[in-house]
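Participant: with the input below, show me the fold.
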Amino acid sequence: MNKVNYTTLQQSLDVVLGKIGLPKTVKLLCSFISNSSLSTTQVEKLKLVTTYIISQAIVIFDLNEEEFYDSRIPEYREARMACYHLLKKYTDSSYSKIGERFGLKKRQVLYYHQKCEEMLSISQYYKAFTAKYKDLEELTIEFIAKF
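Facilitator: Okay, here's the model as predicted:
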């Protein structure tokens, strides 16, 4: 794992500033301070976030909603994998709870979460997936920040 220090923090902030600008970066940081994640005690918010992430994944990955949960086509699998990863990252939901929403077992969600981590870590080989994931993550952060 890379060592994280103030230099890497500053470099990351510079990248964010360059990408979204100063006003949006400040707004984003303020929203993280007050709403960095959702707890599972906020059941309704968790349902809303889950539904939002799924609906946005369908749009971003350009999928058919009726086939979203069952299709074995790689694009559908990748979209669902991005959903599992973002739900785990931005909520304190367990793998089991995420699996319940998608009709999967804990181990399956864990596997796809780790697979997503792997794909994101070597993003140069998964450029299309990474771009879609980042779009979905950005929308997710904006949605959570509104709570």
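Participant: make it CA atoms for all contacts and neighbour counts henceforth
Facilitator: Fine.
Participant: just want the most central residue of this protein.
Facilitator: The C-alpha lying nearest the average C-alpha coordinate of the chain belongs to Leu86 (CA atoms, centre = their mean; 2.5 Å).
Participant: how far away is it from Met119?
Facilitator: For Leu86, the distance to Met119 equals 14 Å [CA to CA, to the nearest Å].
Participant: which residues touch Arg107?
Facilitator: Residues near Arg107 by CA atoms under 8 Å, 6 or more residues apart in numbering: Tyr95.
Participant: swap in Glu138?
Facilitator: By CA under 8 Å, 6+ apart, Glu138 lies in contact with nothing.
Participant: neighbours of Leu63, just the number please.
Facilitator: 16 (other CA atoms under 10 Å).
Participant: where's the closest residue to it other than its chain neighbours, which helix or strand?
Facilitator: For Leu63, ignoring the flanking residues on the chain, the nearest one in space by CA to CA, 6 or more residues apart in numbering is Tyr76 at 7.0 Å. Element membership for Tyr76 (DSSP states H and E) is helix 74-90.
Participant: report the rounded mean pLDDT for that helix.
Facilitator: For helix 74-90, mean pLDDT rounds to 95.
Participant: show me the shaky parts of this protein.
Facilitator: Counting by pLDDT under 70, the low-confidence segments of the chain come to 1-2, 31-42, 147.
Participant: 50 - rerun?
Facilitator: 1, 40 (pLDDT under 50).
Participant: how is it partitioned into domains?
Facilitator: Here the domain assignment for the chain is 1-36, 37-145, based on automatic domain parsing.
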